[in-house]
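S.K.: okay, predicted coordinates and the sequence, questions at the end:
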Amino acid sequence: MQGVWTPDQVRSAEHRLFARVPEPTVMRRAAFAVAVQCARLLTERTGGVAGRRVALLVGAGNNGGDALWAGAFLRRRGAGVTAVLLAPDKAHEAGLEGLRRAGGRAVPAEGANADTAGIGSEAADALERADLVVDGIVGLAARGPLRPVAAELVRRVTVPLVSVDLPSGVDPMTGSVEGPAVSADLTVTFGGLKPCHVLGAGAVRSGEVVVAGVGITEELPEPEFALLDAVEVGEGWPIPGPEDDKYSTGVVGVAAGSATYPGAAVLATGAAVRATAGMVRYAGPAADEVRSAWPEVVATGSVGDAGRVQAWSVGPGIGTGSSGRDVLRFVLESGRPVCADADSITLFAEDDTMWDARDPDAPLVLTPHAGEFARLAGEGPGADRVAAARGIATSCNAFLLLKGNTTVIAAPDGRVLVNDARQAWSATAGSGDVLTGLIGALLAAGVEPLLACGYATHVHSLAAELAAHGKTGDGGRSEAGAPIGASALLAAVPAAVRAVRDTALRTAAPRAAAS
Ligand SMILES: NC(=O)C1=CN([C@@H]2O[C@H](COP(=O)(O)OP(=O)(O)OC[C@H]3O[C@@H](n4cnc5c(N)ncnc54)[C@H](O)[C@@H]3O)[C@@H](O)[C@H]2O)[C@@H](O)CC1
Ligand SMILES: [K+]
């Protein structure tokens, strides 16, 4: 798992490090890492470093200091470097001195002969001629969007942009963007990932993220939350072994859909069929449609007749009337793990007694989108979606999966996993029904609920991406992609599971050879 640390955690780690290593040394390590990545990008895009022009956007703090020292390193490799100072009186002194000694120059952002936007002619010129721009405007101490002059400078950038620590203008803690902000091609951060690199708009605006250790990593505490990677998903996805049969690999019950809207039932049941080798039971008014779409499913008309299952997926399309209420109550009283989605979330929000129907020891997964979350919590998730999800998971003693382009999954004990899709192909009607079916199947297979949600979310977004790009083994590959429906997403689930398992295999093989 890849950890993510809050700005406060990183600052405390920095202070512990400064007891052993002088602060300027740490800053130079950070700046050197930035310079190495700038040189790589310059070489990729322009064929070299010497003779290329670099503009540094430099704010008032140590983030600007990093940029200035990075400029000094690039100058020594033969690049022409100009620092554009947003706050000339407050620019990092040693960094500025270092840049000048190396032969770089500094100009004020709002200097002489300012144009109508207030940008000085030397600054405007430096930006216009640059082959690469370094964003050292603001780092961990960032509050709010870019101020007007910085925003104007950033708006003019047409060449590759490297952010120091984080894209300026993005909230470090939540990744939210409330006004002008940098969109970086590459971000070089220090010690470990911060929330803004993986959450919301910040994840997109960070571009490629490179983590440079600089000595801080060793001082970091337990991360605030974590990301699953393809290897972990591939290693953890349940696969039948030689001793297994249809019961031992997990029997999942799906209670979804209605006679008028059988689609939710067909999609959720299909996802359960495709997720694992176990058996799928369906209970509800769409039994005929489910049977004809998925002959392998044992379908009955009501949850009472469904037979034994190891976990339930419940909710999509069951309605919020009395029959939906009875269905939800029945599955909660079964004492089995339950993934409750869609209408069942509304039922929880509307009827407090529903919480009492649960066996408190049986895991409950709730999978709201922002609107359903607001119904459950009394208010929307707001900018800090990790804190919001964690709060409800704890207070409801449930696993809470908050849907969105960045999916946040919180366990009742405070653990959090985040899945950043980095694309939105799964934002299509019915895609939530597929996710519910995947989670239910993994719960039935005995996967720990936080991981079940994490694995399902990862495979779900990968399936959407593969389907959108025609990479599901049926030909017609496309780099640009095209919109897909939930059925295409569902059809791509086996391709996504194969892809993560292949990645895990490829990673395991060199490890085995090395041991
Ligand atoms: N202390 C060190 O030696 C190290 C610091 N590091 C760098 O130091 C950075 C943190 O430095 P600082 O704590 O000096 O703070 P920043 O450089 O993040 O912020 C500088 C100043 O900008 C102001 N500011 C906040 N929001 C702003 C906005 N929207 N527009 C304009 N100005 C705004 C703040 O009041 C702050 O005083 C890290 O992000 C990292 O780049 C790294 O070099 C690692 C080592
Ligand atoms: K920055």
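M.R.: Arrived safely. Residues are numbered from 1 along each chain as shown. Ligands and ions are numbered 1, 2, ... in the order given.
S.K.: ok, for residue 191, nearest residue in space, not its chain neighbours?
M.R.: residue 216 (3.2 Å; CB to CB, 6 or more residues apart in numbering). Placement of C-beta: from N, CA and C, glycine included.
S.K.: touching, that neighbour and residue 11? I think so.
M.R.: No: taking contacts as CB atoms under 8 Å, residue 216 lies outside contact range of residue 11: 9.7 Å.
S.K.: show me which of the two is the more surrounded one.
M.R.: More crowded of residue 216 and residue 11, by other CB atoms under 10 Å: residue 216, with 24 against 14.
S.K.: could I get the full set of helices for the stretch 351-500 of the chain?
M.R.: Taking DSSP state H, counting those that start in this stretch, the helices of the stretch 351-500 of the chain run over residues 353-356, 370-377, 385-396, 431-444, 449-468, 486-491, 493-514.
S.K.: and those helices: which comes nearest residue 26?
M.R.: Closest approach to residue 26 among the helices of the stretch 351-500 of the chain is made by helix 385-396 (27.5 Å; CB to CB).
S.K.: now that closest one, how far from the centre of its chain.
M.R.: Computed by CA atoms, centre = their mean, to the nearest Å, the chain-centroid distance of helix 385-396 equals 17 Å.
S.K.: could you do stretch 79-98 as well?
M.R.: The answer for stretch 79-98 is 34 Å, by CA atoms, centre = their mean.
S.K.: ok, stretch 309-329 next?
M.R.: With CA atoms, centre = their mean, you get 30 Å for stretch 309-329.
S.K.: now do that stretch: distance from first to last residue.
M.R.: End-to-end distance for stretch 309-329, by CA to CA, to the nearest Å: 16 Å.
S.K.: buried ones in it, by neighbour count?
M.R.: Neighbour-count burial for stretch 309-329, counted by 16 or more other CB atoms under 10 Å, picks out 309-320, 324-325, 327-329.
S.K.: residue 82 - nearest residue in space that isn't next to it in sequence?
M.R.: residue 126 (3.9 Å).
S.K.: and the one you found, what element?
M.R.: helix 121-129 (DSSP states H and E).
S.K.: what sits against residue 282?
M.R.: Neighbouring residues of residue 282 by CB atoms under 8 Å, 6 or more residues apart in numbering: 253-256, 265, 269, 290, 294, 297-300, 306.
S.K.: contacts for the host helix or strand of residue 95?
M.R.: Using DSSP H and E, residue 95 falls within helix 93-101. Applying CB under 8 Å, 6+ apart, the contact partners of helix 93-101 are 24, 27, 31, 56, 64-69, 71-72, 75, 81, 83, 105-106.
S.K.: quick one: the residue nearest to residue 82 and residue 77, what's the gap?
M.R.: In this structure, residue 126 and residue 77 are 18 Å apart, going by CB to CB, to the nearest Å.
S.K.: so the two - more neighbours on which side?
M.R.: residue 126 (26 against 16).
S.K.: thinking again about what came up before, buried members of the contacts of helix 93-101 into PyMOL, please.
M.R.: A single PyMOL command selects the buried members of the contacts of helix 93-101 (16+ other CB under 10 Å):
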select buried, resi 27+31+56+64+65+66+67+68+69+71+72+75+81+83+106
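S.K.: which residues touch the residue most central in space within the chain?
M.R.: Nearest to the geometric centre of the chain sits residue 420, at 2.0 Å (CA atoms, centre = their mean). Contacts for residue 420 (CB under 8 Å, 6+ apart) come out as 198-199, 203, 227, 405-407.
S.K.: sort those by pLDDT and name the bottom one.
M.R.: Scanning those for pLDDT, the low point is residue 405. It has 81.
S.K.: just checking, that residue touches residue 419?
M.R.: No: using CB under 8 Å, residue 405 is not in contact with residue 419; the gap is 9.7 Å.
S.K.: neighbour count winner among the two?
M.R.: residue 419 (26 against 18).
S.K.: residue contacts, the closest residue to residue 263 other than its chain neighbours?
M.R.: For residue 263, ignoring the flanking residues on the chain, the nearest one in space by CB to CB, 6+ apart is residue 430 at 6.2 Å. Contacts for residue 430 (CB under 8 Å, 6+ apart) come out as 263-264, 267, 485-487.
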